[in-house]
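Enquirer: Let me see the structure of the following:
(one chain, ligands or ions: 1)
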Amino acid sequence: MRKKVLITGIGGQDGYFLSKLLLLRGDTIHGLIRRDSPNGIGSIKHLNTGDQAKLTFHEGDTKSKDFIDELIRFSQFDEIYHLAAQSSVARSIQHPRETIENNVLGITNIATAIRDKSPTTKLLFAGSSEMFGSIVEGKQNERTPPHPQSPYGLTKELGFHLISSYRNHYGLWGATAILFNHESEFRGNQFVTSKIIRSVVRIANGDDVVLSLGNIYVKRDWGYAEDYMKGVIQIMDQPIPDDYVIATGKLHSVKDFVNTAFSQVGISLQWTGNDLDEIAQNKENGKIVVKIDENLYRPGDIKGTCGDPSKAKENLKWEPKTSLSKIIEKMIVHYLKK
Ligand code: NDP
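Expert: Now for the predicted structure:
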């Protein structure tokens, strides 16, 4: 059946892939965009014009209770994917109040509007592995107790509990996708993976650029955004709402990411030095191409997070398909074309 769907945060990385996938299915897509967004319609501009024309945009902010109440009451959506968030951990450390206000009011307004004004609407909340904090040991699954280390992680923990509480107390069809890091050619410029790729491409093109990084030994479980949005749709398609970890279960360090990206543009690196003095030189010409900047270390940075997607594999038959090396290749090709 053709569904009427609202995507908040449609202009972000995930909004692009989710819209593309739901349009393929024939759904009617409504997207929420902030009137004052510096990014305009954001990643959606990469959809072909025919697909863009099929979208209905609503200008508004998830922080506004009146706006959200009216939109949800009037439209009676079949499904809402709540992706909108201040999504940068680093920014949340610099601007905790803005992040908490934005993310907490957003999920609270949407879940409450569904409860009170459109109770048959299904809700998918984009949760985050940041709610777990650092790995103590092993992998993190749906039963791992949250232990967030940033204001961003705190907001995602709150959303996760709010969904589960509305599900239990009011019968809301609500599910949290506990998303581990995922990247793509449309990753926002403020994120480290996008910064690495942009520098690598400039260096490959002969620019005199040095890539400055913080702690290159932190490890992440990185997947591809399109794979993850397929998982999110599969969660929404279940008859009974439940929470799922969406992850690859594989860990790589930022240093691994850097080495792979440089090697894909034909540059081999020579690493020397330790801690803040560590550098990487282009083996061919001796130029320093990577250095460490103390100011880019984040207080309370999570050393590693690795997800256990067994439940999604078993119940949804979902599997991540794209390797980290392939993701890096897609990002490089995108920036080379730019
Ligand atoms: P992006 O930062 O690329 O996109 C977020 C979008 O939300 C932006 O378009 C932004 O618009 C919009 N937005 C933010 N606040 C509001 C608001 N108050 N009202 C309306 N729109 C708003 O994030 P991603 O696409 O990468 O991520 C999607 C979701 O998944 C987010 O909730 C994120 O926290 C979560 N997630 C992402 C992970 C990842 O690795 N990508 C990992 C784990 C969770 P504007 O342009 O106006 O700022």
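Enquirer: what about the chain, any weak spots by pLDDT?
Expert: 135-136 (pLDDT under 70).
Enquirer: Go again with 90.
Expert: 1-2, 35-42, 48-49, 51-52, 134-138, 297-305, 337-338 (pLDDT under 90).
Enquirer: mind listing the helices in it by residue range?
Expert: All helices of the chain, identified by DSSP state H, fall at 13-24, 49-53, 65-75, 89-94, 96-117, 151-170, 192-204, 225-236, 254-264, 310-311, 324-337.
Enquirer: what number of residues lie near the closest residue to the ligand within the stretch 1-150 of the chain?
Expert: Closest approach of the stretch 1-150 of the chain to the ligand (C-beta to the nearest ligand atom) occurs at residue 12, with a separation of 2.0 Å. (Glycine included, C-beta is placed from N, CA and C.) When neighbours are counted by other C-beta atoms under 10 Å, residue 12 registers 24.
Enquirer: Next up, the contacts around it.
Expert: Contact analysis of residue 12 by C-beta atoms under 8 Å, 6 or more residues apart in numbering lists 42, 43, 83, 84, 87, 188.
Enquirer: Using ChimeraX, make a named selection holding only the buried ones among those.
Expert: In ChimeraX syntax, the buried subset of these is picked out as below (16 or more other C-beta atoms under 10 Å):
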select :42,43,83,84,87
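Enquirer: Let me know the closest of the contacts of residue 12 to residue 220.
Expert: Nearest to residue 220 out of these is residue 87 (C-beta to C-beta; 14.7 Å).
Enquirer: Show me the contact partners of stretch 159-173.
Expert: For stretch 159-173, the surrounding residues in contact (C-beta under 8 Å, 6+ apart) are 103-104, 107-108, 111, 114-115, 119-123, 125, 127, 131, 146, 174-176, 178, 241, 243.
Enquirer: Check which residues of that stretch are buried.
Expert: Buried, per 16+ other C-beta under 10 Å, within stretch 159-173: 159, 160, 162, 163, 164, 166, 167, 172, 173.
Enquirer: Leaving out sequence neighbours, find the closest residue to the residue in the stretch 201-338 of the chain positioned nearest to the ligand.
Expert: Proximity to the ligand, evaluated over the stretch 201-338 of the chain using C-beta to the nearest ligand atom, is greatest for residue 225 at 6.5 Å. Using C-beta to C-beta, 6 or more residues apart in numbering and skipping residues adjacent in sequence, the residue nearest residue 225 is residue 184, 3.9 Å away.
Enquirer: Quick check: that neighbour touching residue 331?
Expert: Yes: judged on C-beta atoms under 8 Å, residue 184 makes contact with residue 331 at a distance of 7.1 Å.
Enquirer: Torsion angles phi and psi at the residue of the chain most remote from its centre?
Expert: Centroid-distance maximum for the chain: residue 285 at 36.6 Å, with C-alpha atoms, centre = their mean. Note on residue 285: its backbone torsions stand at phi -120, psi 0 [degrees, to the nearest 10].
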